[in-house]
Structures are given as C-alpha cells and as structure tokens.
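# Provided below for reference: sequence and predicted model.
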Amino acid sequence: MDRISITRPDDWHLHLRDGPAMASVLADTARQFARAIVMPNLRPPVRTTQEALHYRERILGALPEGADFDPLMTIYLTDDTPAEEIARAKNSGRVHGVKLYPAGATTHSDAGVTRISRCFAALEKMEQLGLPLLIHGETTDPAVDVFDREKAFIEEILGPTVERFAGLKIVLEHITTRDAVQYVEVTGANVGATITAHHLLLNRNALFLGGVRPHHYCLPVLKREEHREALVEAATSGNPKFFLGTDSAPHPRKEKEAACGCAGIYTAHAALELYAAAFEEAGALDRLEGFASHHGADFYGLSRNKGSVTLVREEWTVPQTLRFGKDELVPLRAGETVAWKLA
C-alpha cells in the first residue's frame, strides 16, 4: 500500500502554548487535523470558561490564512472549581472537557488537584451534564516508582472515582501501560483513552540510546517493551474506546537540554506520518482511520468530519530543529527519515 486516504482526523490531546510560541506550532496541527482538544495548562492555567473562550480567540487569531481548524477548549480542574463553573463551561458550547492534573504530576501542574474528594461537587455536575473529565493518570506519591505511577493511580484513585461517578464520561489520556489498556477494556462505555504516537513507537530504552536523550523524555515516561506492545495492540484493535491524542508538547530546546529538563515530546510536525508508521509496523493500516478519525468524535458525541486527508509513501527527512517563537525546538525523529508523508 503506497497511498492511504482517510476521513480528516482529530487530535484529542494537544498542547499549543500561547503567544508567539503558539503561532510557531499551530500550523503543524491545523494542516492535518480538523479539531483538537486543547490543554489548559498555561501559566497561569485556564481555569474558567471565560478564560477558555479568550484563549480560543487567540488560537483562531494565530491560524494561517485559509486554515480550517476548530480548537475544542478545556478548563483546568482545581480543588476549588465550583459546580457553577462546570455549568458555564457546558453551556458555552465551546468547552468540551475538564482537565484533571494531579498537583505536581507534569509540566505546569502545580495548580492541579491535591485530593480528588475536594472535586466531588464539580465531578457530580460534570456527570449530570455529560461534560467529560480528561485525566493525567499518575499518582504523585513520591514513594511510588516513576514507572509504576500510572498503575498506582488507576488502582488508588481512578477505580474508586469511576465507581462513585458511574455515569461520568472519562478519558484516561496518553496511556502507557498494559494495566491501563486492560482497565479501559473492562470498564463501561463511558471510559475511553488516548494513545500517543511516541508511546506506540518508543520504549524506555529510547531514553538512553548512546547517552541520555532529553527529547525522548515525557510524562508519563516511556515504559518497557511489553507495555508498548500492549498499546499497539489496543490502538490497532478497532476497539472504539481507544483513539488518537498526540500529547504533542513543544518546549524550547534550551529547556529540554537543561540540568532539570522539561517533560514533553513535540510530534505535531509529523503526527499522522508517525501514527502511520506504527500502524504499518503492526500490519494494521486499514484500522488507522477508525483510530484517528472516528472513535474520538464518537466518544465525545461530535459529528465525524467531512473531507479527507491522504498519506503517500514518500521518504522525507525531519528537520533538526523548528522555530518556536524566539527559540527553537527539537521535534521527534529530528534528522531522521520518515517513510510516509501527508500529501
């Protein structure tokens, strides 16, 4: 197969940042995806509906001329998010989810949730209104090994939360373990998960190829090969509970190559091409469309996109660096060859 056409896809987990930095990376997403769930972890975070709507206007204002792209907004859950804000978010028609970051779990998560019980009123309102909860699923308990934090979160926090709010729609984002795959598979239709291209393509050995590789560092961190294989099986299974979410997260090169480097991998420059590589390796290119274009829209209760995009088998070399505002960033597979190209 040398050419694939699929319904225009969506990205159900994306970091765009803000200002000139956002303007540098937005075009990469807009040329591939019709819509994207935009993360709210700016500085300061997007905590209210009004802030989300203002952020949306900044995104639309930064789009390249002629681009057809709809940012789907989220707000940042805190210990103090009132039920009234949840209602405003739902009524806006522009906010499509509420993001739960355990406090300190990842980049710009210091204002996140310290104890899930403090959010019960907000979660109850979300369950009532059908507004999805989008979860960074890692415990922040320092006693838990970094490679076990997703599993611990599922056992200690997610499981009891799903039991308490049985009708709450939940997306466990950027899953990284067989444990997460199995949990999503056996729970109800209200629980889904996104999977990134980098977690499909890389295992934790990629962090140490020829030395420490800071541009392969993300959170949740890359896991063992057995977990990568479980993610590939889930993504290519055709199960509608699993769908595309790049978690593309741009950082300036100097903040990645630092004594205490930032977590995040930039993949928006070649997102579909990277997913195609993973699906081809698994012998499942025929299932890429469902994963990329159908499952996420169906889960969120949105119509599937019109139109299509086409990938062709054509080798191209990823640039060593890309512009990122006044800085530069290093994209995934910088300087390497990719076998598929968006036509």
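Right, received. Where do you want to start?
# Residues in contact with stretch 328-343: which ones?
3-4, 25, 31-32, 197-198, 215, 250-253, 256, 265-267, 269-270, 272-274, 276-277, 280, 309-322 (CB atoms under 8 Å, 6 or more residues apart in numbering). For every residue, glycine as well, the C-beta is placed using N, CA and C.
# what about stretch 218-229, distance to the chain center?
Here the centre of stretch 218-229 is set off from its chain's centre by 15 Å, with CA atoms, centre = their mean, to the nearest Å.
# one step back: which members of the contacts of stretch 328-343 are classed as buried?
Using 16 or more other CB atoms under 10 Å as the burial test, those include 4, 25, 31-32, 197-198, 215, 250-253, 256, 265-267, 269-270, 272-274, 276-277, 280, 309, 311, 318, 322 as buried.
# Please flag which of those residues sit within strands.
Among the buried ones among the contacts of stretch 328-343, the members found in strands (DSSP state E) are 4, 309, 311, 322.
# what's the most distant pair in the residues you listed?
Farthest apart among those by CB to CB are Ile4 and Leu322. That separation is 25.0 Å.
# Strands of the stretch 101-250 of the chain, residue ranges please.
Taking DSSP state E, counting those that start in this stretch to define them, one finds strands in the stretch 101-250 of the chain at 133-135, 170-172, 191-195, 242-244.
# now those strands in JSON lines, with mean neighbour count and mean pLDDT?
Below are the strands of the stretch 101-250 of the chain laid out as JSON lines (neighbours: other CB atoms under 10 Å; pLDDT from 0 to 100):
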{"stretch": "strand 133-135", "mean neighbour count": "24", "mean pLDDT": "98"}
{"stretch": "strand 170-172", "mean neighbour count": "26", "mean pLDDT": "98"}
{"stretch": "strand 191-195", "mean neighbour count": "26", "mean pLDDT": "98"}
{"stretch": "strand 242-244", "mean neighbour count": "26", "mean pLDDT": "99"}
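# Minimum distance to Val232: which of the ones you listed has it?
Nearest to Val232, of those and by CB to CB, is strand 191-195 at 8.8 Å.
# could the strands of the stretch 101-250 of the chain be laid out in TSV, adding distance to Val184?
Putting these into TSV (distance: least, CB to CB, whole Å) gives the following:
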stretch	distance to Val184
strand 133-135	11
strand 170-172	6
strand 191-195	5
strand 242-244	7
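# out of those strands, which comes closest to His227?
Short answer: strand 191-195, nearest of these by CB to CB, at 11.4 Å.
# any low-confidence regions in the stretch 1-150 of the chain?
Counting by pLDDT under 70, the stretch 1-150 of the chain has low-confidence residues at 108.
# Show me what the helix or strand Glu328 falls within pairs with in its sheet, parallel or antiparallel.
Following DSSP states H and E, one finds Glu328 within strand 327-329. As defined by DSSP bridges, the strand partners of strand 327-329 come to strand 322-324 (antiparallel).
# Can you tell me what sits against the partner strand?
Strand 322-324 has contacts (CB under 8 Å, 6+ apart) with 21, 24-25, 250-253, 266, 269, 328-331.
# element containing Ala23?
With DSSP H and E as the criterion, Ala23 is inside helix 19-30.
# That helix: which residues count as buried?
In helix 19-30, counting by 16+ other CB under 10 Å, buried: 21-30.
# Mind giving me the packing neighbours of the very next helix or strand once past that helix?
The first helix or strand that comes after helix 19-30 along the chain, using DSSP H and E, is strand 35-38. Using 3 or more CB pairs under 8 Å, 6 or more residues apart in numbering; DSSP states H and E, the elements in contact with strand 35-38 are strand 10-14, helix 49-62, strand 70-76.
# Taking their axis directions, the first one and helix 19-30 sit at what angle?
Counting by axes from the mean of the first three to the mean of the last three CA atoms, to 10 degrees, strand 10-14 lies at 150 degrees to helix 19-30.
# With just CA atoms, put strand 10-14 into PDB.
Provided in PDB are the C-alpha atoms of strand 10-14 (Å, rounded to 0.1, in the frame of the first residue of the first chain):
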ATOM      1  CA  ASP A  10      -8.900  15.000  15.100                       C
ATOM      2  CA  ASP A  11      -6.300  15.300  17.800                       C
ATOM      3  CA  TRP A  12      -7.900  14.600  21.200                       C
ATOM      4  CA  HIS A  13      -5.000  15.800  23.300                       C
ATOM      5  CA  LEU A  14      -2.800  18.800  22.300                       C
END
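# Next, the residues that contact that strand from outside, please.
With CB under 8 Å, 6+ apart as the test, strand 10-14 has contacts from 29, 32-39, 134, 171, 173-174, 194, 196, 243-248, 268, 271, 292-293, 296-297, 300, 305.
# among the buried residues of helix 19-30, which two are most distant?
Largest separation among those by CB to CB: Ala21 and Ala30, giving 15.4 Å.
# can you count the residues close to Ser237?
Residues near Ser237, counting by other CB atoms under 10 Å, number 17.
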